[in-house]
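In: Fold the following for me, if possible:
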Amino acid sequence: MTNASPLVVVTGARRGIGAGIAVEFAARGFRVALTDVDDQGCDEVMDAVNKHGNGARFFQSDLGDVASHRAVVDQIQQWGGSITCLVNSAGIPSQTRGDLLNVSPRSFDKVVDVNLRGTFFFTQAVVKHMLENITDFARSIVTVSSLNAETPHVYRTEYCISMSGLGMLTRLFARRLEPLGIGVFEVRPGAAKPAVGAAANVANAVAALAEGKLGFCTGSVVQVNGGLSLQRL
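Out: Numbering: from 1, shown residues only. You can find the predicted model right below:
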């Protein structure tokens, strides 16, 4: 594998928004490392990514298993060299939809462990790799959260809390990495439906941020939700 093109890691890439992001990056000339908890149903997105011919590979990665993160990053490096972009798109919904007064510690811990704790430590592992490996390409971290990072939903309590935490994660990494020229951004989709926040629209926004043309906007939040976040009187 050559290093003639930038290498992006997309978590949660086997379906949905993550799959759309992986395909968009491949279309823009990136080599793509796709990660997810398993490869079930991954054939379609792999075919779509591979048709662009830049190089792609799937890596099994349980985001909640923090102890495995460095090994996954090392496997990606051995395959593709220096990582230039990380897209955090993996996440799980609330385990049950119910009133916040009935949220269980088990459900809360599961969602927060994957969506927030897992994302933080995987990002940490990738950033350490970036700082240890020199590349001429623009470097970036883009985290895909949700409209629920700022809009409360009492039947998705643990999910909302985890998404809100990703906003602070973005600001913290942006502050830490700005002097090093690594752009850090957050993209907040709405409901992933064609009329509201289609995967293609999210993917376009993520890829545009990752290409390094908006580096002066590091730490910014981009709303991709068809106007759902607009205040209405």
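In: next structured bit after the strand ranked longest in the chain?
Out: Counting residues, the longest strand found in the chain (DSSP state E) is strand 182-189. Using DSSP states H and E, the helix or strand that follows strand 182-189 towards the C-terminus is helix 199-210.
In: which parts of stretch 64-72 are buried?
Out: Within stretch 64-72, the residues scored as buried using 16 or more other C-beta atoms under 10 Å are Gly64, Asp65, Val66, His69, Arg70, Val72. All C-beta atoms are positioned from the backbone trio N, CA, C, and that covers glycine.
In: Quick one: end-to-end distance for that stretch.
Out: Stretch 64-72 has an end-to-end distance of 13 Å (C-alpha to C-alpha, to the nearest Å).
In: quick one: it to chain centroid distance?
Out: Counting by C-alpha atoms, centre = their mean, to the nearest Å, stretch 64-72 is centred 16 Å from the centre of its parent chain.
In: pLDDT averaged over that stretch, what's the number?
Out: Stretch 64-72 comes out with an average pLDDT of 98.
In: Stretch 170-190 now?
Out: Mean pLDDT, stretch 170-190: 96.
In: What does the residue most central in space within the chain show for phi and psi?
Out: Centroid-nearest residue in the chain: Asn88, 1.6 Å away (criterion: C-alpha atoms, centre = their mean). As for Asn88, its main-chain torsions (degrees, to the nearest 10) stand at phi -90, psi 100.
In: What's opposite it in the beta bridge?
Out: Beta-bridge partners for Asn88, by DSSP bridges, are Thr143.
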